[in-house]
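Colleague: Generate coordinates for the sequence data below:
(2 chains)
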2 protein chains.
Amino acid sequence: MAKPFSFKVLATDGRARRGIIDMPRGEIRTPAFMPVGTGGTVKTMYMDQVRGVGADIILGNTYHLMLRPGAERVARLGGLHEFARWPHPILTDSGGFQVMSLSKLRKLTEKGVTFRSHIDGAPYEMSPERSIEIQSLLDSDIQMQLDECTALPAELKEIERAMELSLRWAERCKTAFGDQPGKAMFGIVQGGDNAALRVRSAQALSAMGLKGYAVGGLAVGEPQAVMLEMLDITCPELPADKPRYLMGVGTPDDILKSVARGIDMFDCVMPTRAGRHGLAYTRRGKVNLRNARHADDPRPLDEESDCPAARDYSRAYLHHLVRSQEALGAMLLTWNNLSYYQKLMQDIRAAIETQTFEARGAEITEGWARGDIPVL
Amino acid sequence: MAKPFSFKVLATDGRARRGIIDMPRGEIRTPAFMPVGTGGTVKTMYMDQVRGVGADIILGNTYHLMLRPGAERVARLGGLHEFARWPHPILTDSGGFQVMSLSKLRKLTEKGVTFRSHIDGAPYEMSPERSIEIQSLLDSDIQMQLDECTALPAELKEIERAMELSLRWAERCKTAFGDQPGKAMFGIVQGGDNAALRVRSAQALSAMGLKGYAVGGLAVGEPQAVMLEMLDITCPELPADKPRYLMGVGTPDDILKSVARGIDMFDCVMPTRAGRHGLAYTRRGKVNLRNARHADDPRPLDEESDCPAARDYSRAYLHHLVRSQEALGAMLLTWNNLSYYQKLMQDIRAAIETQTFEARGAEITEGWARGDIPVL
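Modeller: Now for the predicted structure:
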């Protein structure tokens, strides 16, 4: 029998947790950052580079994959791991978030959502059961419940309605997922920016005894302070022995502050998207390679980095590639950014282990605030 | 003192030649194919991949580099090899071809060309002397004379005028280049599709005692038979102990047939450009990955290839990447294509060494004609 999905907290420092998720396809060191592999590829990256920078798990988008190439097709081809050549754990979202944000002519009922593809207008149905079916066809290791995420700001009534619907859908997803020891299905806490609704959602989900819990519906337009307040309220309501995943977050600063509140897992398009727009994340903050100040700069982005993209190419060359819209510019900056994010997670994990998380976090934050390394 | 530029013919088979160019930055095994690194990058490729598939030399475009990032800037940054992280030989064209085809408001006189950048409209002057100066600022190992290339079909008078101008510019380039033992400046045979003009050009250039000779102004719209006829006429007029470079050519079939006529060096955007348009070069001909027949095909492009792009990814995945316009699709197909071109050159070189060039060429051609590997 396959090794069952398990989560163990190895160390804590304040509310920050250093843990490990173990499952048949591999271990996930937490706090973990999951690079986003939307359509079966982490944009501009070879999978061995993604692994090489230290990612234990990547995220796949159910909505994109169900439209193209199609979940049944991926299943026939041996599943998403085989298809995309990533043999390690994969988490898939439910598809719900993109159905709401990208699709056309969507109609939401208790049963589920009908919508049309943003690519070719083809009609689709999505329900809690179909979402889990698709995620299982993809052979996803960590599957997410279908939920309804409310963009903020929103009316309280609307937030509550979506949260309650999401709870009912969580039950249906749990039933649809059934008993799969080597895999996990996570519930998603909703409730917008309302503390009482967040508590209600977290408690109701906790009572379902799921293998992990996500916090959804944050970083959707509200100030960071609101997001952190919601985490302060939500995390204590979730079982301490289950992983907590903050969906779609965020900046390095968001991550530091969310780990401090007990979050174990993150995903975000920022490092990959920024890399395609000439932006580099570094220990000295975000650097815009389009800026003319780099045009004659022979120094690398960061000579102390282990990542070839940060260490071996001049800023002048990166600037030239970005200005010329050369693919290699996006390739190198994405590589740098994912490397930086993984390095950040590694630093965070090491600091929690040695009970120095707060001090290390302050050091890291100070590094960003100092601004880019000056030319001597 | 640096090792001087040298060329040695190691073996011949009919008119085909197996040779070696030796120069301070490395050896070039001929017949050689030079991947095109237009603006200091072989599009979508890491330089270690370019080297890994077997390229001994790449080509840089003087026109693109003089506009962006600028030749003086590249020189300040240590030259093109340092800038682009390719420490091996680089050949640069003169810039003339792109000035004629890409720039705006160009005006050509005996002295040179004035034109405006296609990027920002900035005015530039190009002359034989400035072309060599730019190529030297780039620290190019093999530099090309400035010439005027006539698109075919064209009036005889016009072809002759451009050819004679190119001869006078060759003399000026030779003077400007001076005595640089470790580097080379090649002349360019022009003369369109006219045999007498080609002979006149080849003889006049040969009399200049240059280190190498290119055949230019072919593959510019004429049928392949005309190109081959011009090679039949031109190559015998060029000194046997100097390398011969057919500019901007071509398809694998063009290359086979041109090697058979005594050509030693090639460059072409086909493998890289095709890779960005969903096309794969294989030993079984050109394969269009956009085609729906690949959507469910778990087989790799060519399981017998040494190239990971051809061997390790399913056609279904490549099809998906191409259809989704994912960068990884262009990255993998370009890698495959450059690998295939280098494998072709390796086969050609081995066949000349063993005096089996004609038979091997027929085998290779038969492979293309058989069409794509069928599904069993």
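
Colleague: what distance separates stretch A:46-64 from the centre of its chain?
Modeller: The chain centre lies 11 Å from the centre of stretch A:46-64; the measure is Cα atoms, centre = their mean, to the nearest Å.

Colleague: what comes up buried for it?
Modeller: By neighbour count with 16 or more other Cβ atoms under 10 Å in any protein chain shown, stretch A:46-64 contains the buried residues A:46-47, A:49-50, A:52-64. To be clear about C-beta, it is placed using only N, CA and C from the backbone, and glycine gets the same treatment.

Colleague: Of those, which belong to strands?
Modeller: The strands, defined by DSSP state E, take in A:I58, A:L59, A:G60 from the buried residues of stretch A:46-64.

Colleague: What pLDDT does the model give the last one?
Modeller: Pointing back at A:G60 there. Looking at A:G60, its pLDDT stands at 98.

Colleague: Look up the closest residue to it, ignoring the ones flanking it.
Modeller: Nearest residue to A:G60, sequence neighbours excluded (Cβ to Cβ, 6 or more residues apart in numbering or on different chains): A:T92, at 4.7 Å.

Colleague: correct me, but the one you found touches A:L146?
Modeller: No. If you go by Cβ atoms under 8 Å, A:T92 and A:L146 don't touch, sitting 11.5 Å apart.

Colleague: Looking at the two, which has the bigger crowd around it?
Modeller: A:L146 (30 against 27; other Cβ atoms under 10 Å in any protein chain shown).

Colleague: Looks like the more buried one contacts A:G112 (just checking).
Modeller: Yes. The pair A:L146 / A:G112 is scored as a contact, 7.4 Å apart, by Cβ under 8 Å.

Colleague: now the most centrally placed residue in chain A, which residues is it bridged with?
Modeller: Nearest residue to the geometric centre of chain A (Cα atoms, centre = their mean): A:D267, 1.1 Å. Under DSSP bridges, the beta-bridge partners of A:D267 are A:M34.

Colleague: rewinding a little: now the common contact residues for A:L146 and A:G112.
Modeller: A:M126, A:S127, A:P128 (Cβ atoms under 8 Å, 6 or more residues apart in numbering or on different chains).

Colleague: Which ones among the residues you listed lie within strands?
Modeller: Per DSSP E, the subset of the shared contacts of A:L146 and A:G112 in strands is A:M126.

Colleague: so which strand or helix has A:T234?
Modeller: Secondary structure from DSSP states H and E places A:T234 in helix A:224-234.

Colleague: Mind listing what's buried along stretch A:107-125?
Modeller: Those would be A:L108, A:G112, A:V113, A:T114, A:F115, A:S117, A:Y124, for stretch A:107-125 by 16+ other Cβ under 10 Å.

Colleague: For the first one, report the pLDDT, please.
Modeller: So the one you mean is A:L108. Predicted confidence (pLDDT) for A:L108: 93.

Colleague: The residue of the stretch 101-250 of chain A found nearest chain B: what's it in contact with?
Modeller: Residue nearest to chain B within the stretch 101-250 of chain A: A:I119 (9.0 Å; Cβ to the nearest Cβ). By Cβ under 8 Å, 6+ apart, the contact set of A:I119 is A:L67, A:R68.

Colleague: please redo it, this time with the cut-off set to 10 Å
Modeller: Neighbour list for A:I119: A:H64, A:L67, A:R68, A:L102, A:S103, B:R323, B:S324 [criterion: Cβ atoms under 10 Å, 6 or more residues apart in numbering or on different chains].

Colleague: And those residues, which two are furthest apart?
Modeller: The largest separation in these, counting by Cβ to Cβ, is between A:S103 and B:R323 at 18.7 Å.

Colleague: Domain map for chain A?
Modeller: Domain assignment for chain A by automatic domain parsing gives A:7-98+A:127-268, A:275-370.

Colleague: show me where pLDDT drops low in chain A?
Modeller: Residues of chain A meeting the criterion pLDDT under 70: A:1-2, A:376.

Colleague: Look up how far A:S136 lies from A:Q98.
Modeller: Distance, A:Q98 to A:S136, by Cβ to Cβ, to the nearest Å: 19 Å.

Colleague: Ok, A:M34 next?
Modeller: Applying Cβ to Cβ, the value for A:M34 to A:S136 is 19 Å.

Colleague: Equivalent analysis for A:A310, please.
Modeller: Counting by Cβ to Cβ, the gap from A:A310 to A:S136 is 38 Å.

Colleague: Beyond the longest helix seen in chain A, next helix or strand please.
Modeller: Across chain A, the longest stretch assigned as helix under DSSP state H is helix A:327-353. Per DSSP H and E, the first helix or strand lying C-terminal to helix A:327-353 is helix A:357-370.

Colleague: Need the phi and psi values for the residue nearest to A:A369 when sequence neighbours are not counted.
Modeller: What sits nearest to A:A369 in space, not counting adjacent residues and going by Cβ to Cβ, 6+ apart, is A:G285, at 7.3 Å. When read as degrees, to the nearest 10, the backbone of A:G285 gives phi 90, psi -170.

Colleague: got it, and A:G112?
Modeller: Torsion angles at A:G112 (phi, psi; degrees, to the nearest 10) stand at phi 170, psi -150.
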